[in-house]
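Engineer: Show me the folded form of this:
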Amino acid sequence: MQIGLNVVGVASGQSWQKFLPGCQSVIVWGSGGTLLWEEFLKDLKQFPQRFSQNSHPLDNYVLRALTRIDPNPPASRRWIRCAADETEFLDFRTLGYQAGLGWESKLGLLLNSDYGPWLGLRLACFTMDSIEPTGPLRDIEPCAGCRAPCVEACPAGAVSKNSRWDVALCASFHQKSTLCDQTCLAREACPEGQPHQYSNLQRHYHYNRESGRAALAEFLNISPEKPGKNLPWNEWVRG
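Structural biologist: Numbering: from 1, shown residues only. The predicted model follows:
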């Protein structure tokens, strides 16, 4: 069954006991590039009634896929989504790093060896089964030898050569300026994974709830609902 989750890694479960006592391993799924988006669009074209501008249609798609894959998980296994409506907060970036899905980057995103910053983390499966970890990565991170075009490209000045991403500065600029309304210029400037950049519509969807959902509805020829509000930073940053 093609879902679009094309990146997977395994982290040790030792430091994640609060989510599942006795956890031995955590399997992490992500979507690199545009594959998940393409499968998501196919699903909405076939079932347009599943679209809702006031929810998160992509999160809903992943939830439906998870329900098909594992409808009745046993007590020895627990799933947590990286989703706006997930009730349990999980630091997916730390988990993805531990699973070897990428390096920490100046952008505040994981930098995948194939997809660069164009990676979205979607699902984590905590299990009592013992599986050999696939990370963290031991190679030198690409940011270490990079001239950092992301720093110059960021209009907010939230990306720095000498420190990591300034979350508060980025969020503040995103809320008051339309310059980053439909994309992240610093993310676009990253030289890693350039062939896998998101499409314009996919970026728009992730960076602006109101106009992004409306653009998706127009693309699908669906009558848009009453617009919602822009996403807070902790939602749009995970796209």
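Engineer: ok, residue 158 - contacts?
Structural biologist: Residues in contact with residue 158, defined by Cβ atoms under 8 Å, 6 or more residues apart in numbering, are 165, 166, 167, 169, 170, 173, 186. No exception for glycine: its C-beta is placed from N, CA and C like everyone else's.
Engineer: What about those residues, which one has the most neighbours?
Structural biologist: Counting neighbours by other Cβ atoms under 10 Å, residue 186 comes out on top of the contacts of residue 158 with 26 neighbours.
Engineer: Now it: which helix or strand?
Structural biologist: In this assignment (DSSP states H and E), residue 186 forms part of helix 185-189.
Engineer: How about the residue most central in space within the chain, nearest residue that isn't a chain neighbour?
Structural biologist: Nearest to the geometric centre of the chain sits residue 120, at 2.6 Å (Cα atoms, centre = their mean). The shortest distance from residue 120 to any residue other than its chain neighbours is 4.8 Å, reached at residue 31 (Cβ to Cβ, 6 or more residues apart in numbering).
Engineer: got it, and residue 23?
Structural biologist: Closest residue to residue 23 apart from its sequence neighbours, by Cβ to Cβ, 6+ apart: residue 13 at 3.5 Å.
Engineer: just residue 119 next, same as before
Structural biologist: Leaving aside its chain neighbours, residue 119 sits nearest to residue 112 (4.4 Å; criterion: Cβ to Cβ, 6+ apart).
Engineer: Residue 205 now?
Structural biologist: Counting by Cβ to Cβ, 6+ apart, residue 212 is the residue found nearest to residue 205 once chain neighbours are left out, at 4.1 Å.
Engineer: Okay, now the unreliable bits of this structure?
Structural biologist: For the chain, the stretches with pLDDT under 70 are 1, 224-239.
Engineer: can you give me the helices in it?
Structural biologist: 35-46, 57-69, 92-98, 149-153, 167-176, 185-189, 200-207, 209-220, 233-236 (DSSP state H).
Engineer: Only the buried residues of the third one, if you could.
Structural biologist: Going by neighbour count (16 or more other Cβ atoms under 10 Å), the buried part of helix 92-98 is 92, 93, 95, 96, 97, 98.
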